[in-house]
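K.L.:
How does the following fold in three dimensions:
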Amino acid sequence: MSSPANIHPTAVIAPGAVIPDSCSIGPYCTIGPNVTLGEHCELVSHVVLGGDHAGHVTLGNHNKIFSFACLGIAPQDLKYAGEPTQLTIGDHNSIREYVTISRGTTGGGGLTSIGSGCLIMAYTHIGHDSHVGNGCILANAATLAGHVTVQDYAVVGALCPVHQFCTIGKYAYIGGGTTITQDVLPYSLTSIERNNHAYGLNKVGLERRGFTPAQIKQLRAAYRLLQASKLNTSDALAAIREKIATGEFDQNVTDLADFIANSHRGIIK
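P.N.:
So this is what the prediction gives:
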């Protein structure tokens with residue numbers, strides 16, 4: 001348990017919580033009995049972690065949780081009956097004011113997970129059994145329904161509701177205010193300003209993440225087959241697979257093709 005100097009006297013820490021000495025727990029925080037913090041975590045003030053015996057919450061190292069965030073709370077699911085379920089969070093995340101993250105449900109696998117290096121901005125909600133990858137940004141009031149997957153380095157804009165069971169592909173960028181009801185293609189730009197269409201490649205984001213001009217050129221060529229040709233999705237996917245087989249397209253395009261082939265809700269094209 002942390003030394004008294006690192007825990008504000010108004011904080012409520014349940015017996016059983018694991019809090020290393022390197023952590024800082026601010027005023028009026030509430031930490032449940034099945035919560036484990038990694039090293040150098042900071043809870044600014046009024047943060048709720050777990051909160052009851054059913055809430056199993058595990059944080060990695062160097063996470064900063066801002067005021068009034070509630071993490072690992074009971075899922076907003078009428079079928080939930082108090083079963084023990086989990087929330088896991090990786091390392092080096094910044095979770096801002098009034099963020100709510102529900103833990104999992106038994107019907108959805110029992111786990112909600114957040115990767116490492118994410119920025120989760122104020123008023124974001126992450127529903128039960130959702131999974132957010134590494135390096136993601138969820139802007140103010142982004143709202144993930146249950147069972148949503150956000151792959152690595154994706155950006156979800158402010159005020160974006162995402163329908164349950166949708167997947168947001170890696171390196172995708174969703175413009176603010178866009179309603180997502182189908183899967184979002186990896187590497188894409190998707191925006192309400194383009195009638196909720198994926199209207200191009202997230203070129204700036206890819207360059208910032210170290211993609212080479214050659215890699216971007218291949219992805220752009222694959223996107224032309226998907227969006228600018230007269231082929232339907234199945235025929236475009238077959239054309240992309242042919243170019244993958246000949247070595248014209250690399251692993252990034254293979255990942256794009258696999259994403260399309262494995263989509264259950266259909267893709268935003």
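K.L.:
State the pLDDT value of residue 198.
P.N.:
Predicted confidence (pLDDT) for residue 198: 70.
K.L.:
Could you verify that it is part of a strand?
P.N.:
Yes: counting by DSSP: H, G, I helix; E, B strand; the rest coil, residue 198 is part of a strand.
K.L.:
residue contacts, it?
P.N.:
Neighbouring residues of residue 198 by Cβ atoms under 8 Å, 6 or more residues apart in numbering: 184-185, 188-190, 227, 267-269. Any C-beta I mention is one placed from the backbone N, CA and C, and that applies to glycine too.
K.L.:
Now render these as CSV, adding secondary structure.
P.N.:
Shown next, in CSV, are the contacts of residue 198 (three-state DSSP):
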residue, secondary structure
184, strand
185, coil
188, strand
189, strand
190, strand
227, helix
267, strand
268, strand
269, coil
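K.L.:
Highest neighbour count among those residues?
P.N.:
Comparing the contacts of residue 198 by number of neighbours (other Cβ atoms under 10 Å), residue 188 comes first, having 29 neighbours.
K.L.:
Could you identify the helix or strand that succeeds the lowest-mean-pLDDT helix or strand in the chain?
P.N.:
Evaluated with mean pLDDT, DSSP states H and E, the helix-and-strand set of the chain has its lowest mean pLDDT in strand 197-201, which scores a mean of 79. Sequence order places helix 203-208 as the next helix or strand after strand 197-201, per DSSP states H and E.
K.L.:
pLDDT of that next one, averaged?
P.N.:
The model assigns helix 203-208 a mean pLDDT of 96.
K.L.:
now that helix, how far from the centre of its chain.
P.N.:
Using Cα atoms, centre = their mean, to the nearest Å, the distance from the centre of helix 203-208 to the centre of the chain it belongs to is 19 Å.
K.L.:
residues of the least confident helix or strand of the chain that come out buried?
P.N.:
Of the residues in strand 197-201, those buried by neighbour count under the rule 16 or more other Cβ atoms under 10 Å are 197-201.
K.L.:
Just the CA coordinates for that strand, please, in PDB.
P.N.:
The C-alpha atoms that make up strand 197-201 are tabulated as PDB, following Å, rounded to 0.1, in the frame of the first residue of the first chain:
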ATOM      1  CA  HIS A 197     -18.200   7.800 -46.400                       C
ATOM      2  CA  ALA A 198     -14.600   6.700 -46.300                       C
ATOM      3  CA  TYR A 199     -13.400   9.400 -48.700                       C
ATOM      4  CA  GLY A 200      -9.700   8.700 -48.800                       C
ATOM      5  CA  LEU A 201      -6.500   7.600 -47.200                       C
END
